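Enquirer: this one's structure only:
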């Protein structure tokens, strides 16, 4: 039964054991409360999961049942701070204006790609006409 359930949502396989995404390198915290096991990655505090690969999120009720209240509040606060920092960094990155030279270069590249596509269409049409020119001289086919 367990293998059948694992086949429905197989865990990602990371072959490189030195990778940060490998199961033994991700820094995982685990809590048990009866039949509920809750996992949290150290680099993503405040995000709780039901499996060790951190693919199935846990509800707040499940997380509160397994994690001591003080720890739950602390991890949620850390998660909010990290989300705010990420949002601020994203906003700062989006407000920086691209250099005008880069925009001009991109416009020239787009124009060149458009001209190349048009030329390729003309070349293909001429090649098709050359291949089927002999068919123009033929009369209608009678059955």
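Expert: Ah, there it is. These figures come from a predicted structure and were not determined experimentally. Numbering: from 1, shown residues only.

Enquirer: what about residue 113, which helix or strand?
Expert: Here residue 113 sits within helix 100-136, counting by DSSP states H and E.

Enquirer: What of residue 65?
Expert: In the assignment (DSSP H and E), residue 65 maps to helix 60-66.

Enquirer: Now the helix or strand just after that helix: buried residues?
Expert: Per DSSP H and E, the first helix or strand lying C-terminal to helix 60-66 is helix 69-95. By neighbour count on 16 or more other Cβ atoms under 10 Å, the buried set for helix 69-95 is 72, 75, 76, 79. All C-beta atoms are positioned from the backbone trio N, CA, C, and that covers glycine.

Enquirer: Dump these to a markdown table, plus pLDDT and distance to residue 130.
Expert: Listed next are the buried residues of helix 69-95 as a markdown table, based on pLDDT from 0 to 100; distance: Cβ to Cβ, whole Å:
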| residue | pLDDT | distance to residue 130 |
| --- | --- | --- |
| 72 | 93 | 74 |
| 75 | 92 | 71 |
| 76 | 92 | 70 |
| 79 | 91 | 66 |
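
Enquirer: Sketch out the low-pLDDT regions of this protein for me.
Expert: Residue ranges of the chain with pLDDT under 70: 1-12, 14, 20-23, 96-100, 102, 143.

Enquirer: Quickly list the domain ranges of it.
Expert: With domains defined by automatic domain parsing, the chain comprises 2-95, 99-130.

Enquirer: Relative to residue 139, which of these is closest?
Expert: For those, distance to residue 139 was read as Cβ to Cβ. The smallest value, 19.3 Å, belongs to domain 99-130.

Enquirer: quick one: the closest one to chain centroid distance?
Expert: On the basis of Cα atoms, centre = their mean, to the nearest Å, domain 99-130 sits 30 Å off its chain's mean C-alpha point.
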